[in-house]
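Trainee: no sequence for this one, just the structure:
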């Protein structure tokens, strides 16, 4: 039973706690809408109000619609396996299965992260053909298909292309027939071109400290994202999920079925849905992000409860959804406690080629390893943990466990580097994997990396020494959001100590080799 007073107080606090130009939040319980709230402006310049009918980009929440459409159109993903080779014509080695694409287990590097290395600027136009060009250049995976989890938007772009190919229909027509119309999502539409947002809505970058500026988006996405929907549309979707919850053949029950890795280990992600536990209930959901927008939806058919949050700014939509969810379930908010000791240092993962860095705060430790900073808390056992990762020190090494990714590794410590840039690494390097270059310049004590490829010449990115022959390259803004974040750059030398190449990678796109050009 929902405590109405506590619940509505939590709902009313969302606009203040997650400040920005505007947003919407809604809740479905026992198959009916019990709360829907819109506030602020959908466009500050035109003073257009945000309403429950305002259509916003739901971004990566679209992935579950793509997977549902695949099942409705093709029956099972295995029916498309034979077609995948034509969409990855330069791929070497065993191809992933289409089911691997659905579960983010393909090993394919994220194509939005790769746009940075192909020379793209954050604001430029990225066409449908550009997406195909990135995928066609793919030669290798950054892990063996089916063995690990890594988020890759290109997986779902490929699924969309395959479904359109086999059906002979446009993706938006398939969405409408199989999901939008049965769910009563009257306003939902496919807005593949982000330059033309629905209802004149504008997304904003920035915060209260820096102010809010309109985000400029130029990407074309289809399958991995692209759907625009209002709060009322999304609440209708949640009611449809509840109404079909006891039908094992319903589309949502089919995409929500648990998945596993090739070794049989249960997977926490499948068919565009992340599986999680809150209190005594299992939930499925997904977030979405584009520069200037954030969204999150989560539901439990077991608890018969759904929460939807959408912002036209870059506030923490996931955190807001969790806050409302816990209030609806009558659960207390997690309490942070001061740390007992300081944690600091850096370690290298030999499997991924990425640096892991721990930085101590007052109540949490920041882990820099993935796309975004992960906040860890001390456990009674002396580990540091969040819902997705745990780390512990064993001697000088760091043991990292990421069960949702089927990944566990002992990381080796890396001594801190001197703050002086090494002039030896300056020069041009070529990646056979990408058919693209990077140029490293040394300018008066500072170092910069510029990517050049078929998408143009990117902006110089600051690089800084992190350890012996290890550097950090930081990408804070890119076409997609969130940006790739920290890249680890490893210098490769010959037996005489001369620099002959580099390996560059981030969590979304690992192990890319570059050879030094003459």
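Mentor: Received, thanks. If you're wondering where the values come from, they're calculated on a predicted model, not measured in any experiment.

Trainee: enumerate every residue touching the most centrally placed residue in the chain.
Mentor: By Cα atoms, centre = their mean, the mean C-alpha position of the chain lies nearest to residue 151, the distance being 6.1 Å. Going by Cβ atoms under 8 Å, 6 or more residues apart in numbering, residue 151 touches 104, 110, 371, 508. Every residue, glycine included, has its C-beta placed from N, CA and C.

Trainee: poorly predicted segments of this structure, please.
Mentor: Applying pLDDT under 70 to the chain flags residues 1, 419-421.

Trainee: mind naming the longest strand for it?
Mentor: The longest strand of the chain (DSSP state E) is strand 32-43.

Trainee: sorry, back to before: relative to residue 289, how far out is the residue nearest to the centre of the chain?
Mentor: Distance, residue 151 to residue 289, using Cβ to Cβ, to the nearest Å: 11 Å.

Trainee: next one: residue 46
Mentor: Applying Cβ to Cβ, the value for residue 46 to residue 289 is 24 Å.

Trainee: residue 404: neighbouring residues, count only.
Mentor: For residue 404, the neighbour count with other Cβ atoms under 10 Å is 17.

Trainee: quick check: it touching residue 149?
Mentor: Yes - under the criterion of Cβ atoms under 8 Å, residue 404 makes contact with residue 149 at 6.3 Å.

Trainee: name the residues contacting each of the two.
Mentor: What both residue 404 and residue 149 touch, as defined by Cβ under 8 Å, 6+ apart, is the set 267-269.

Trainee: in strands only, show me those.
Mentor: 267, 269.

Trainee: please enumerate the helices of the stretch 201-350 of the chain.
Mentor: Ranges of helices in the stretch 201-350 of the chain, per DSSP state H, counting those that start in this stretch, are 231-243, 251-255, 317-329.

Trainee: can you list those in JSON lines and add distance to residue 451?
Mentor: Converted to JSON lines, the helices of the stretch 201-350 of the chain look like this (distance: least, Cβ to Cβ, whole Å):
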{"stretch": "helix 231-243", "distance to residue 451": "37"}
{"stretch": "helix 251-255", "distance to residue 451": "36"}
{"stretch": "helix 317-329", "distance to residue 451": "30"}
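
Trainee: contacts only, for residue 407.
Mentor: 148-149, 351, 400-401.

Trainee: ok, which pair from the residues you listed is furthest apart?
Mentor: In those, the most distant members under the criterion Cβ to Cβ are 149 and 400, with 14.4 Å between them.

Trainee: not counting sequence-adjacent ones, nearest residue to residue 61?
Mentor: The spatially closest residue to residue 61, leaving aside those adjacent along the chain, is residue 288, at 4.5 Å (Cβ to Cβ, 6 or more residues apart in numbering).

Trainee: actually residue 143, sorry about that
Mentor: Distances taken as Cβ to Cβ, 6+ apart put residue 107 closest to residue 143, at 4.5 Å, once the chain neighbours are dropped.

Trainee: and the one you found, how many neighbours?
Mentor: If you count neighbours by other Cβ under 10 Å, residue 107 ends up with 24.

Trainee: hmm, residue 148 and it touching each other?
Mentor: Yes - using Cβ under 8 Å, residue 107 is in contact with residue 148, at 7.0 Å.

Trainee: how deep is residue 440 tucked in, by neighbour count?
Mentor: Neighbourhood size, residue 440 [other Cβ under 10 Å]: 26.

Trainee: again with the one 4 residues further on
Mentor: Residues near residue 444, counting by other Cβ under 10 Å, number 5.

Trainee: ok, now residue 75?
Mentor: Neighbour number of residue 75 under other Cβ under 10 Å is 10.

Trainee: distance of residue 86 from residue 454?
Mentor: On the measure of Cβ to Cβ, residue 86 and residue 454 end up 21 Å apart.

Trainee: which one of these two has more residues nearby?
Mentor: A side-by-side neighbour count of residue 86 and residue 454, using other Cβ under 10 Å, places residue 454 first with 14 against 10.

Trainee: got the contact list for the more buried one?
Mentor: Shown in contact with residue 454 (Cβ under 8 Å, 6+ apart): 118-119, 133, 435-436.

Trainee: biggest separation within those residues, which pair?
Mentor: The span of the contacts of residue 454, defined through Cβ to Cβ, is set by 119 and 133 at 12.2 Å.

Trainee: okay, these two: which has more neighbours?
Mentor: Higher neighbour count among residue 119 and residue 133: residue 119, with 21 against 15, using other Cβ under 10 Å.

Trainee: quick check: the gap between that one and residue 129.
Mentor: From residue 119 to residue 129 the distance is 16 Å (Cβ to Cβ).

Trainee: need the contact list for residue 408.
Mentor: Applying Cβ under 8 Å, 6+ apart, one finds that residue 408 lies in contact with 399-402.

Trainee: tell me which two of these sit farthest apart.
Mentor: 399 and 402 (11.1 Å).

Trainee: and residue 46 and residue 289? Which one has more around it.
Mentor: The residue with more neighbours, out of residue 46 and residue 289, is residue 289; 21 against 10, by other Cβ under 10 Å.

Trainee: dump the contacts of residue 151 to TSV, plus distance to residue 169.
Mentor: Below are the contacts of residue 151 laid out as TSV (distance: Cβ to Cβ, whole Å):
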residue	distance to residue 169
104	25
110	27
371	34
508	31
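
Trainee: out of those, which sit inside strands?
Mentor: Taking DSSP E, every one of the contacts of residue 151 sits outside strands.

Trainee: from those, which is closest to residue 11?
Mentor: Using Cβ to Cβ, residue 371 is the member of the contacts of residue 151 that lies nearest residue 11, at 29.7 Å.
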